[in-house]
Structure formats: C-alpha cells, structure tokens
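Colleague: model the structure of this input:
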Amino acid sequence: MKLSGWGRYPVIDSLPEFPVGDECVMKLIEAHGSGPLIGRGLGRSYGDSALAPTAVHSAYLDYFRYFDKQTGILRCAAGVSLASVLELIVPEGWFLPVTPGTKYVTVGGAVASDVHGKNHHIDGCFSEFVQSITIATANGIVECSKTSNAELFCATCGGMGLTGFILEVEIRLKRISSSFIQATTIKTKNIAETVEALDIHRSATYSVAWIDCLSTGKGLGRSLIMLGEHADDGGLQTGCKARLSVPFDVPGLFLNGVTMQAFNSVYYHRVTKAKSRSLVSYEPYFYPLDGVRNWNRLYGSDGFLQYQFVIPRKAGIEGLTVILNRLAASKRGSFLAVLKLFGEENSNYLSFPMEGYTLALDLKRSPEVFALLDELDDVVVGLGGRIYLAKDARMSKSIFQASYPGWESFSQLRRQWGADNIFNSIQSIRLGL
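Modeller: As a prediction, this is how the structure comes out:
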C-alpha cells in the first residue's frame, strides 16, 4: 500500500502489518529479522520517520491496562490515542501533563517523538512523566524506566521507534479542577515585543505565539501570544468533534504568497485589543487544527513540509530576525507559524528541545522550498540549534550529525540491542542512523 506521513511527502510502497498482541509483535520481528521495519501509530509525524518497507501498525494495540483515579497513574497499550486518554481521564479530573498540538497521536508515538507542548518551559517533554515503557526489542520484550535499563529508556524516548516496538507505557497524569482554560491573548507589534512578552510571562503554565512570518519592516515578527492556565470551575467536559472538513485537495493556485499574506493580515487584525481574556474549552486551546478534518489537504496533492527548529536562548531576537527576514523575502511563508519557549533540555539521546525558542512552519512543497530550507538549516545549526525529527522529511545527514550530539551514543546503543539490523525508517537510513 502507498504510505506517507501527515505532510504527504514522501510517498512510498509499504507492507502493512497489524499485530493483535505482544506475541504477534515478537513473531513479526523474528520474521523480519533483517528489516527494515518501523512502528507506526496514527501517521501524524509529518515526514518519513514512520515510513519503511514494512510498517507495523499499532491500530489493534489500543487497550487500557489500568487507570488509578486517586493517584493519576495510567497504563495503556502504545496504540491508544491521546484523544482516547482524554475521554477517559478528563471527566475524572485529570489531564495530560504534556500534550502536542493534536490529540490524534498515539501514546507510543508521543514517547517515540518525546513530544513537547505549550508548557515545555515549565514541565519539559512527555518523557518527564513516563514511569515505564514495555518494548519489543530484537532480543525480546524488555521493561525500561529511568531506573531500570535506563539507557534503553533514554534512547527510546525521542528515539523515533529505532530501538524497538513500544508495546505499553505507564504515565503520571496532571490533576485539574476544570476542563476549561483561562486564556490571555497579547498582541505584539514586532519580534522584539514578541520575545520580550514571552520572557516576561515565563511563569505562565502555557504560552504560545502565532507569528505573522510574512510581515516585514517594523512589523517583522508581529504576533498574537496566547497564555493559558487551567481554570478552577466550568465543569469537566470532553467531546468536541471536528466541525469542518476539507473534502478534497485544494488546487495549488489558491495557496500562494498573496493569499497567505492576506490571511495573516486578517488573522492578526481580528484581535483589536493589546490584551484580552477569555474562558475556553481545552480542545480549541490545545488542538485548534483538530477542529478541521483532513486539514493537510489545504496544501494540495503535492503535500507540504513542516519545518520546526529550535535555537538557543542566547541567539534570541537576533537569530529569529535573520530567519524571519529570509522567510519574508522568499514570500513562501506560512499561515501556520508557531513560536514557543523551551526550557532546559533533557538527557535523552535524540530529544529535540533545548533551552531557547522554537518556531514551526508549514510550507507548501516545491523545489524552491527545499532550497530555502537547506539555507535555513545552515543558519539554524550555525546558531547552535537543531531541526525536529518528528517533522523532518529532507534534512541532510551532515546537518543532523552536526546538531544532535548524542547520535553516536544512540547508534552504539542500537547496535548493543540488535536494533540497527531491524528497526529502520526511511528517515533513519537518510540520516545515517
């Protein structure tokens, strides 16, 4: 079958496997002893990290083991989606301690990508709240945690499925009193104001900025910053469904510099006050794009590239200004551009975050965009930053190795566990892992 990531590039022929239990997974690993195969959840990684000639889907590994309503400890199979977790835990007064920008990610995928959220500057990555992982390795089923098989744990969290197939995960949840978020929106006029406001509000539990990456001159980097705190009342409700859908691939001519610039201007000016407050459900606050089914079709049949990088805090305004100027000059900016703060990096071999600023962009795929991103790669790495593997579909081996200092130790651990001969994705082969 034809298979791609959420960005719909690249597309490969892949043999799908759908195991129904731990033993089936081990039999598949033994049967594909020379690989390459890779685990796959809901297909929401953007590039080629979950693509391989054989893809082991976790669709039938979607059961809960237990949920302690008193302590907030939850254990489930890797194929359970964050959406299913939320349906279970929110009515009981619990929430995900870290969540990415979509709830349509499996728990196994969240571990493999060591996802981050709007609270990384406070709470770190998803792995901070993982108690243990059960993983099917080339040598059998292994339990690992921060205290048991700790190196395998550090390699698996953020390891893009390259240490083995994640079977089960145990996580610690976050207590809440309400499913609503007390949101504060701050409107800034340029990148200096944006960075200053994010830093001033570092104590906010959640913070994220939508940034107009096509504005230039004095308006370069103008943004809408959205801060958030869990509300104390309003009830514990779930169940917001997608109200809109993109039923077909939008023709490419509708997505160009003119239309994106017009969209960005309208989106920015819809907020008229310098600061405003509102009470919103957690769903539109954390998962705004989940309200539009198949939104990836907006970029047409050629798909798109999501580009997310992080640069160190010391590079700050100067570094972001260089990159935003280059994007604006290319007129290939994005209407989905998100800027966030990151806190300290963790000790996982391939986790993406480092203390600084991260910017994510969606760019319609074209030959010119590849050239633009190659240019930005050099800028990002020159500033001491790196590119997020869960979003990547085209980074070079040299850029990867220059920006992920733990890659050699990660490769050595893969060899120790016999994973290098079996668990490989199109991405890992491209990056020399």
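Colleague: for the stretch 51-200 of the chain, just list every one of the strands.
Modeller: 54-57, 64-68, 73-77, 94-95, 130-137, 140-144, 165-172, 174-175, 180-188 (DSSP state E, counting those that start in this stretch).
Colleague: how about CSV for those strands, with distance to residue 411 and mean neighbour count added?
Modeller: Just so you know, the C-beta spots here come from the backbone N, C-alpha and C atoms, and that holds for glycine as well. What follows is the strands of the stretch 51-200 of the chain, written out as CSV (distance: least, CB to CB, whole Å; neighbours: other CB atoms under 10 Å):
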stretch, distance to residue 411, mean neighbour count
strand 54-57, 21, 21
strand 64-68, 32, 13
strand 73-77, 28, 21
strand 94-95, 36, 22
strand 130-137, 16, 22
strand 140-144, 18, 17
strand 165-172, 19, 23
strand 174-175, 35, 15
strand 180-188, 41, 20
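Colleague: same list (the ones you listed) but as a markdown table, adding distance to residue 345.
Modeller: Below are the strands of the stretch 51-200 of the chain laid out as a markdown table (distance: least, CB to CB, whole Å):
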| stretch | distance to residue 345 |
| --- | --- |
| strand 54-57 | 30 |
| strand 64-68 | 31 |
| strand 73-77 | 26 |
| strand 94-95 | 24 |
| strand 130-137 | 16 |
| strand 140-144 | 20 |
| strand 165-172 | 20 |
| strand 174-175 | 21 |
| strand 180-188 | 26 |
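Colleague: let's have those in JSON lines, adding distance to residue 157 and mean pLDDT.
Modeller: Shown next, in JSON lines, are those (distance: least, CB to CB, whole Å; pLDDT from 0 to 100):
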{"stretch": "strand 54-57", "distance to residue 157": "19", "mean pLDDT": "97"}
{"stretch": "strand 64-68", "distance to residue 157": "19", "mean pLDDT": "98"}
{"stretch": "strand 73-77", "distance to residue 157": "16", "mean pLDDT": "98"}
{"stretch": "strand 94-95", "distance to residue 157": "20", "mean pLDDT": "98"}
{"stretch": "strand 130-137", "distance to residue 157": "7", "mean pLDDT": "98"}
{"stretch": "strand 140-144", "distance to residue 157": "9", "mean pLDDT": "97"}
{"stretch": "strand 165-172", "distance to residue 157": "10", "mean pLDDT": "98"}
{"stretch": "strand 174-175", "distance to residue 157": "18", "mean pLDDT": "98"}
{"stretch": "strand 180-188", "distance to residue 157": "27", "mean pLDDT": "97"}
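Colleague: state the mean pLDDT of stretch 423-433.
Modeller: For stretch 423-433, mean pLDDT rounds to 97.
Colleague: show me what counts as buried in that stretch.
Modeller: 423-428, 430-431, 433 (16 or more other CB atoms under 10 Å).
Colleague: ok, residue 312 touching residue 382?
Modeller: No. Judged on CB atoms under 8 Å, residue 312 makes no contact with residue 382 at a distance of 11.4 Å.
Colleague: so who does the closest residue to residue 36 other than its chain neighbours touch?
Modeller: Among residues not flanking residue 36 along the chain, residue 424 sits closest, at 3.6 Å (CB to CB, 6 or more residues apart in numbering). By CB atoms under 8 Å, 6 or more residues apart in numbering, the residues touching residue 424 are 35-38, 52, 162, 433.
Colleague: mind doing that once more with 10 Å?
Modeller: 35-38, 52-54, 161-162, 414, 433 (CB atoms under 10 Å, 6 or more residues apart in numbering).
Colleague: how close does it sit to residue 49?
Modeller: 11 Å (CB to CB, to the nearest Å).
Colleague: higher neighbour count, residue 312 and residue 382?
Modeller: Ranked by neighbour count (other CB atoms under 10 Å), residue 312 and residue 382 place residue 312 first, with 17 against 13.
Colleague: so who does the more buried one touch?
Modeller: Each residue near residue 312 by CB under 10 Å, 6+ apart is listed here: 319, 342, 345, 354-357, 383-386.
Colleague: how near is it to residue 98?
Modeller: Counting by CB to CB - residue 312 and residue 98 are separated by 21 Å.
Colleague: please apply the same query to residue 351.
Modeller: In terms of CB to CB, residue 351 sits 12 Å off from residue 98.
Colleague: what's the overlap in contacts for the two?
Modeller: Shared contacts of residue 351 and residue 98, counting by CB under 10 Å, 6+ apart, come down to 114-116, 124-127.
Colleague: report the two of the residues you listed separated the most.
Modeller: Pairwise distances across the shared contacts of residue 351 and residue 98 peak at 11.0 Å for 115 and 124 (criterion: CB to CB).
Colleague: of those two, who's got more company?
Modeller: Taking other CB under 10 Å, residue 115 and residue 124 do not tie; residue 115 has more neighbours (26 against 22).
Colleague: picking up where we left off before, list residues touching both of residue 424 and residue 49?
Modeller: The contact sets of residue 424 and residue 49 overlap at 38, 161-162 (CB under 10 Å, 6+ apart).
Colleague: surely residue 73 and residue 173 touch.
Modeller: Yes. Taking contacts as CB atoms under 10 Å, residue 73 lies within contact range of residue 173: 7.4 Å.
Colleague: what do the two both touch?
Modeller: 67, 94.
Colleague: so who does residue 170 touch?
Modeller: The neighbours of residue 170, taking CB under 10 Å, 6+ apart as the test, are 65-66, 73-76, 107, 129-134, 143, 145.
Colleague: hmm, try it at 7 Å
Modeller: 73, 75, 131-132 (CB atoms under 7 Å, 6 or more residues apart in numbering).
Colleague: which other residues reach the helix or strand where residue 374 lies?
Modeller: Residue 374 belongs to helix 367-382 when assigned by DSSP states H and E. By CB under 7 Å, 6+ apart, the list of residues contacting helix 367-382 from outside reads 305, 307, 309, 311, 322-323, 326, 330, 332, 363, 387, 394-395, 399, 402-403.
Colleague: any idea which of the residues you listed is the one closest to residue 276?
Modeller: Closest to residue 276, out of all of those and judged by CB to CB, is residue 323, at 28.6 Å.
Colleague: ok, the closest one to residue 268 distance?
Modeller: Residue 323 is 19 Å from residue 268, by CB to CB.
Colleague: same thing with residue 100?
Modeller: In this view, residue 100 and residue 268 are 24 Å apart by CB to CB.
Colleague: just to revisit the earlier point, out of the strands of the stretch 51-200 of the chain, nearest to residue 87?
Modeller: strand 64-68 (10.9 Å).
Colleague: pull up the pairing partners for the closest one, direction included.
Modeller: Using DSSP bridges, the strands paired with strand 64-68 in its sheet are strand 73-77 (antiparallel).
Colleague: okay, residue 242: pLDDT?
Modeller: So, for residue 242, pLDDT stands at 59.
Colleague: ranges for the helices of this protein?
Modeller: 22-31, 82-89, 107-112, 120-123, 150-156, 191-200, 257-269, 282-286, 316-330, 367-382, 397-403, 407-416, 426-431 (DSSP state H).
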